[in-house]
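J.: Provide a 3D model corresponding to the input given below.
(4 chains)
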Number of protein chains: 4
Amino acid sequence: MRLTSDARGVYPIAPTPFLDDGTIDTDSIDRLTDFYLGCGATGLTVLGQLGEAPKLEHAESVAVAVRMIRRAASLPVIVGVSAPGYAAMRALTHEVMAQGAAGVMIAPPNTLRTDDQIVGYYVQAVEAIGADVPFVIQDYPLTFSVQMTPGVIRRIAEALPSCTMLKHEDWPGLEKISTLRRWEREGAMRHLPILVGNNGLFLDYEMARGADGANTGYAFPDMLVDVVRLFGQGEREAAHDLFDAHLPLLRYEQQPGVGLAVRKHILHRRGLLRSAALRAPASPLSAAARAEVEHLLQRLARHDARARV
Amino acid sequence: MRLTSDARGVYPIAPTPFLDDGTIDTDSIDRLTDFYLGCGATGLTVLGQLGEAPKLEHAESVAVAVRMIRRAASLPVIVGVSAPGYAAMRALTHEVMAQGAAGVMIAPPNTLRTDDQIVGYYVQAVEAIGADVPFVIQDYPLTFSVQMTPGVIRRIAEALPSCTMLKHEDWPGLEKISTLRRWEREGAMRHLPILVGNNGLFLDYEMARGADGANTGYAFPDMLVDVVRLFGQGEREAAHDLFDAHLPLLRYEQQPGVGLAVRKHILHRRGLLRSAALRAPASPLSAAARAEVEHLLQRLARHDARARV
Amino acid sequence: MRLTSDARGVYPIAPTPFLDDGTIDTDSIDRLTDFYLGCGATGLTVLGQLGEAPKLEHAESVAVAVRMIRRAASLPVIVGVSAPGYAAMRALTHEVMAQGAAGVMIAPPNTLRTDDQIVGYYVQAVEAIGADVPFVIQDYPLTFSVQMTPGVIRRIAEALPSCTMLKHEDWPGLEKISTLRRWEREGAMRHLPILVGNNGLFLDYEMARGADGANTGYAFPDMLVDVVRLFGQGEREAAHDLFDAHLPLLRYEQQPGVGLAVRKHILHRRGLLRSAALRAPASPLSAAARAEVEHLLQRLARHDARARV
Amino acid sequence: MRLTSDARGVYPIAPTPFLDDGTIDTDSIDRLTDFYLGCGATGLTVLGQLGEAPKLEHAESVAVAVRMIRRAASLPVIVGVSAPGYAAMRALTHEVMAQGAAGVMIAPPNTLRTDDQIVGYYVQAVEAIGADVPFVIQDYPLTFSVQMTPGVIRRIAEALPSCTMLKHEDWPGLEKISTLRRWEREGAMRHLPILVGNNGLFLDYEMARGADGANTGYAFPDMLVDVVRLFGQGEREAAHDLFDAHLPLLRYEQQPGVGLAVRKHILHRRGLLRSAALRAPASPLSAAARAEVEHLLQRLARHDARARV
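T.: Numbering: from 1, shown residues only, chains lettered A, B, ... in the order given. As a prediction, the model looks like this:
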């Protein structure tokens, strides 16, 4: 099952579950995957930035990806293969594609500046991994310090037919979606699915601007699925009501650096992860932060029973 | 009236009002100042980053600051004097202090990296402006790319008695407040008022961590005043209810780059600014963005009548 | 006398002379200007990055520029007007152009990333200063963190007829010169004079690649003039011999941060500046550094008598 | 043979030799290693930034390092193990130490800003690789955007006994060496060998400031050995004469980005590498650049016969 340009819906970014001793928790991989399947995800992404990919050895990366690919047999699984060099990117790509991955996600290294450098980087990446491997552009300037204009995304999409999805995490990013969609309508650009990230912080208005769904790791992917569905059904105010109820917690989880610890803590509280452990380097949640998360969950539970954990 | 270390409450960051032709709109300065006075602000900051300070000529900067200082006679007014060199910083400081400013705010230039460079920058700034001028540290890494540890802030506070307030806009920043407050309790640091910025995005939990109030520009400073007051009265859940109702709009206004246009648009819709105009370089709000703001205001108005504009 | 696109030769970047107490040393401005005139400079640039421009108050900036403009009456004088906002840029531009400046130099703010942002910045700058004012692009990524491709420079030159010179300080930068010159030969771009900066560290090969001269502040501008002249006369090896003799010192002066102190020290030793003082913030030369400069001068004096100071 | 704190002399940074088809050229590894042994190197570093380490797959990295370790049996070999995560760093470290490496070199990730972050990074790195593995700090702000004060280096050296060497590539960096050496003399810091990098651009004065040698990749390591030896023998002017003769070429090779292609081209011309090929991403030398290198070699050959290639 290869990723195609009709991708849409919610592709959760899966965290990598660890036990308290730092070893990989395969039971939780299975539990999490089953949960994604059950709540209406249309795909999955593993080994993303928030999957703690750089903290895994190569063999671990392959093992985590393959276990999720097999467990989620009915869903396309995208594997993050960003690496400081093309050799490691190619090696991981070939292994996971051979094992049934649907495609790969590639973030730009934070040394890129000019438009030409960015386009050139993706051209060379495709030479490395092969033109037959569907790939996702990760456009996340807050983390990667690389700014892609709509024009650069179009140049990549035109130069590289295997470019199959945009993981859109620019901030601010609403006008970028509008521009890309306008170009599509005007025939100035082929259709590229746009799934939004950044923990879904602007999912509410991004859907109205023309996004095809979400590709992010918020600890309530079931809410993301509902919001995308409600927008699809035209129930816009209901979608906003649900989204707004989650926003205080979602914002808290979206904090740079500390956000992943919040996410894993909530997934642990929801019974999906056995442990909330991160691998070093990581800042564990303080007691105050844990109490704040409990408070946020309690307040959320008044509107959404899934927060009763 | 000099800024002192018992500062607390809400110091709105005032935008600089322009007419559609780009000239300064003094009537709106007065109207805005009266509004701040009326809604319970305990101070004001003018010529901040979002006051479009770099877009003003020197004489305009002085004129805007002085008009606000005179109009808000009962409140301390802090003037942003950040500049690429100490000469311009000193010149503006001396003029506004002579006209009654309560103190100045200084952001670090984005070339600073090491702890010593940051401390050294503030030491030299005080040599330039004079040790008798109260100053506010602006700690805003998202915009200035300068990261100050709690230890660096303590070093500045210890080295420079005229350091009188911290405008805290680190992100994530909750643990930083807790650390500074713990040091105060332990006697390891003198009291430095902490007023939070970043559009108030975490004001709800920052108050509980020990912040003394807000020093930011959200277009509903009256809400900020209420939230700070409710926390002071121990009505925590009521504070959260009000804050959460504003969060969808507040988040929208907090977007980098485009946020100021959103803020001015809302202040214009509230009747406080005659025009929502920004000076170049500026990205005006698209029609889609204006419609989104209207939608957010309508939804907010169900909870807070002040959003009925 | 307006800057035109037939500019060539050596435009020294003038430092701003201070007395030991930090006040401006007008006698040294005159002496320095006379020296530039006498040694064959074809133009001058004042208030550049290394002219300590940000350390001057507005009135001082105007005074320094005007004094040099008047003294160097027969030469075109370019004034650096880079500023954090267009208002200050416009104000300074209008004052110095009214006093006889030949044009202005504009560096990009270090927040610019994409090609469109860079081009847009210059378009708006010209709207601010007026389309009749000749301007120089300062392309100095090491200091400004802004990377301009040859294509971006061409876009600026095409969009803005008042773009009259490129101060080229990219590093590496040889291929950029070759590309721009190839486009000129092919008729794909109008002629834009390229004068090189970066203390002249690659002047030897930059001339062969097609540069029109130098626009930099090395403390021996008379050597730069000789090298440019020798290349013009086809005496390539003689040009290299002279350049190579200076390279150990030139490299030492090109160090970021400390370089300006080295330069002023040498100009003081040459009798051109009364004092080597810099305004704060500045790191004075250590005794070890001063001894190293003496050593470099002594070794240079074996090849170039002008280093006997 | 473990790296110890009496390291000194010249540790060349070895490039990774490739054949024209991009496969690893083991013959050239051997030839290069024999050359280093023959010209007086006192150690070697492999898989550094300029060893194209990120372009190698894990198994290739191990193979390259082990081949050089075995071939250079009498010399300590340091292996670059910088990685985006500690897992990969630990894996490579353990493999190469088991095969006889003398120690490892660790560069900081370019996201680090504050003093505490930098020290914390090395503390956690040592937890990952083991406190028994000697490690080298790579202090190279131009490439890594991380600025380490002398105080930070001292903190690392004090906190971590396995810190065994400083690869000093700060720029400007002369005062840093003087400060660290002064602290040593005053008993405020233990002895940490300082070997300089940055292609040796300031080796001449760095030796006089107290450096213990060079740890860099200039294509004439035999010159570096001579210069270090001459300084050791007190023949200072002879050392400068030799260094200055190489400076035009050395400066050319030190250009960011393109420099490695220059270096491999020269090593190829010297008969040490069978091919000058780099792995992608890489910018090959233009015909103009190759001609410039020839010209530089010819001019150098007048002073140093080793440049007759």
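
J.: anything in stretch A:174-185 sitting right up against chain C?
T.: No: using CB under 8 Å from any CB of the partner chain, stretch A:174-185 stays clear of chain C, with a minimum separation of 11.5 Å. (Glycine included, C-beta is placed from N, CA and C.)

J.: which residues touch that stretch?
T.: Stretch A:174-185 has contacts (CB atoms under 8 Å, 6 or more residues apart in numbering or on different chains) with A:150, A:153-154, A:166, A:168, A:170, A:189-192, A:194, A:196, A:202, A:205-206, A:209-211, B:258, B:286, B:288-289, B:292.

J.: Enumerate the residues of the stretch 201-309 of chain A near chain D.
T.: Counting by CB under 8 Å from any CB, the stretch 201-309 of chain A sits next to chain D at A:279, A:280, A:281.

J.: What subset of the residues you listed is buried?
T.: For these, a burial check counting by 16 or more other CB atoms under 10 Å in any protein chain shown picks out A:279, A:281.

J.: From the residues of the stretch 201-309 of chain A next to chain D, which land in helices?
T.: Among those, the subset assigned to helices under DSSP state H is empty.

J.: Residue A:285 touches residue A:260, doesn't it?
T.: No: with contact defined as CB atoms under 8 Å, residue A:285 does not reach residue A:260; the gap is 10.2 Å.

J.: Chain neighbours aside, what residue packs nearest to the residue of the stretch 1-150 of chain A found nearest chain B?
T.: Chain B sits closest to residue A:142 of the stretch 1-150 of chain A, with a gap of 8.6 Å, by CB to the nearest CB. The spatially closest residue to residue A:142, leaving aside those adjacent along the chain, is residue A:171, at 5.6 Å (CB to CB, 6 or more residues apart in numbering or on different chains).

J.: thinking again about what came up before, contacts for the strand or helix carrying the residue of the stretch 1-150 of chain A closest to chain B, please.
T.: Assigned by DSSP states H and E, residue A:142 falls within helix A:141-144. Contact with helix A:141-144 is made by A:49, A:107-110, A:138, A:147-148, A:169-171, A:198, A:256, as judged by CB under 8 Å, 6+ apart.

J.: Could you write me a ChimeraX select line covering just the buried ones among these?
T.: To isolate the buried ones among those in ChimeraX, judged by 16+ other CB under 10 Å, type:
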select /A:49,107,108,109,138,147,148,169,170,171,198
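
J.: Out of the contacts of helix A:141-144, the closest to residue B:220 would be?
T.: Residue B:220 has its nearest neighbour among those in residue A:171, at 22.2 Å by CB to CB.

J.: tell me the phi and psi of that closest one?
T.: With angles defined as degrees, to the nearest 10, residue A:171 sits at phi -150, psi 110.

J.: got the contact list for it?
T.: Residues in contact with residue A:171, defined by CB under 8 Å, 6+ apart, are A:141, A:142, A:198, A:201, A:202, B:255, B:256.

J.: for residue A:193, same thing?
T.: A:5, A:6, A:7, A:8, A:164, A:165, A:166, A:212, A:213.

J.: residues in contact with the second one?
T.: Under the criterion of CB under 8 Å, 6+ apart, the contact partners of residue A:6 comprise residue A:193.

J.: So it: helix, strand or coil?
T.: coil (DSSP: H, G, I helix; E, B strand; the rest coil).

J.: Tell me which stretches of the stretch 1-150 of chain A form strands.
T.: For the stretch 1-150 of chain A, strands defined by DSSP state E, counting those that start in this stretch occupy the ranges A:9-10, A:44-46, A:77-80, A:103-106, A:135-139.

J.: what's the pLDDT at the residue nearest to residue A:142?
T.: Note on residue A:171: pLDDT of 96.

J.: got the residues of chain A near chain C?
T.: Near chain C, when you scan chain A using CB under 8 Å from any CB, you find A:113, A:114, A:115, A:116, A:117, A:146, A:147, A:148, A:149, A:151, A:152.

J.: from these, which single one is nearest chain D?
T.: Closest to chain D, out of all of these and judged by CB to the nearest CB, is residue A:117, at 9.5 Å.

J.: which non-adjacent residue is nearest that closest one?
T.: Take residue A:117 and drop its neighbours on the chain: the residue closest to it by CB to CB, 6+ apart is residue C:147, 7.7 Å away.

J.: do you know how far the one you found is from residue A:112?
T.: Residue C:147 sits 9 Å away from residue A:112, taking CB to CB, to the nearest Å as the criterion.

J.: Next SSE downstream of the biggest helix by length in chain A?
T.: Using DSSP H, we find that the single longest helix of chain A is helix A:236-253. Moving toward the C-terminus from helix A:236-253, the next helix or strand (DSSP H and E) is helix A:259-269.

J.: helix or strand right after that following helix?
T.: Immediately after helix A:259-269, counting by DSSP H and E, sits helix A:287-301.

J.: anything in that next one sitting right up against chain B?
T.: Yes: judged by CB under 8 Å from any CB, helix A:287-301 comes into contact with chain B at A:288, A:289, A:292, A:299.

J.: quick one: buried residues of that helix?
T.: A:289, A:290, A:292, A:293, A:295, A:296, A:297, A:299, A:300.

J.: picking that back up, can you flag the buried ones in the contacts of stretch A:174-185?
T.: Looks like the contacts of stretch A:174-185 have A:150, A:153-154, A:166, A:168, A:170, A:189, A:192, A:194, A:196, A:202, A:205-206, A:209-211, B:258, B:289, B:292 buried, using 16+ other CB under 10 Å.

J.: Quick check: residues of chain A near chain B?
T.: Residues of chain A lying near chain B (CB under 8 Å from any CB): A:171-172, A:174-175, A:178, A:201-202, A:204-205, A:208-209, A:240, A:244, A:247-248, A:251-252, A:255-259, A:286, A:288-289, A:292, A:299.

J.: about what we covered before: dump the buried residues of helix A:287-301 into CSV; add pLDDT as well.
T.: Converted to CSV, these look like this (pLDDT from 0 to 100):
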residue, pLDDT
A:289, 98
A:290, 98
A:292, 98
A:293, 98
A:295, 98
A:296, 98
A:297, 98
A:299, 98
A:300, 98
